[in-house]
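Engineer: Predicted model and sequence follow; I will ask about them next.
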Amino acid sequence: MAKQASKPIAIYCRVSSRQQDTASQKPDLQRWADAFAQDAPVIWYEDQFSGRTMHRPAWDRLIANARTGCVDKIVVWRLDRLGRTAKGLTALFDELPTLGIGLVSIKDGLDLETPAGRLMANVLASVAQYETEIRAERVLAGQARAKQHGKSWGGSKPGRLLSLTQEQVDAIIDMHDAGKSKSSIARATGVSRPTVYRILAQQTR
């Protein structure tokens, strides 16, 4: 009787913007694959997209494959690479066991196939959302302090390309995902509206 082929292991990488890359994640993920994938094929999925939404090009392909029974396990570098919303992550943690799919987070030392792993996953999901909200609050607080001292914080002339901090880029993406208008995002982060449009356009290319 022929040996049944192993289902693929999906390795997922994500960064929030095109100013970043996944190079820091890949060595650990490759070492995991070399040690534990054995004879199973490994398929890599990679996104440059905000973690505030669970709808991203590569992730959508991965979860579609998972739902059709074409994935055995999902491996990530850290749990927040899957997303930064507690609602989205906990829904995923509920769905994967019903699909018979394992989840491994290397840096968190997490395996969803164990009771302790499931508990830890839900705790870390709440922490990831908390960190996102705190980052946005820091940006707003920084602008408010600057205004109190009569300074403009991170502003720019319309149309001028400026060097943004990663915190500003993440805040722009997070506020957009939360439904804020382009004008309010520009005011909150201290940049021009064209800069907001440019950053958001880079997320959808």
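Structural biologist: That came through fine.
Engineer: Do a quick rundown of the helices in this protein.
Structural biologist: Ranges of helices within the chain are 26-36, 57-67, 86-99, 115-148, 166-177, 182-189, 193-203, based on DSSP state H.
Engineer: same for the first one, what does it pack against?
Structural biologist: So the one you mean is helix 26-36. Using 3 or more Cβ pairs under 8 Å, 6 or more residues apart in numbering; DSSP states H and E as the contact test, the elements touching helix 26-36 are strand 9-15, strand 73-76. (Glycine included, C-beta is placed from N, CA and C.)
Engineer: Present those as CSV; the columns should include mean pLDDT, distance to I172 and mean neighbour count.
Structural biologist: Formatted as CSV, the helices and strands packed on helix 26-36 follow (pLDDT from 0 to 100; distance: least, Cβ to Cβ, whole Å; neighbours: other Cβ atoms under 10 Å):
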stretch, mean pLDDT, distance to I172, mean neighbour count
strand 9-15, 95, 15, 23
strand 73-76, 95, 24, 23
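Engineer: Minimum distance to D39: which of the ones you listed has it?
Structural biologist: Closest approach to D39 among the helices and strands packed on helix 26-36 (Cβ to Cβ): strand 9-15, 10.6 Å.
Engineer: what's the distance between that closest one and the middle of its chain?
Structural biologist: On the basis of Cα atoms, centre = their mean, to the nearest Å, strand 9-15 sits 10 Å off its chain's mean C-alpha point.
Engineer: Need the contact partners of it.
Structural biologist: By Cβ atoms under 8 Å, 6 or more residues apart in numbering, the surrounding residues in contact with strand 9-15 are 21-22, 25-26, 29, 32-33, 37, 40-49, 51, 56, 58-59, 62, 65-66, 71-77, 81-82.
Engineer: which of these count as buried?
Structural biologist: Burial by neighbour count, judged by 16 or more other Cβ atoms under 10 Å, picks out 22, 25, 29, 32-33, 37, 42, 44-49, 51, 56, 58-59, 62, 65-66, 71-77, 81-82 from the contacts of strand 9-15.
Engineer: center of this structure, which residue is that?
Structural biologist: G51 (3.2 Å; Cα atoms, centre = their mean).
Engineer: Now do the same contact list for that residue.
Structural biologist: Counting by Cβ under 8 Å, 6+ apart, G51 has contacts 14, 16, 80-85, 128, 132.
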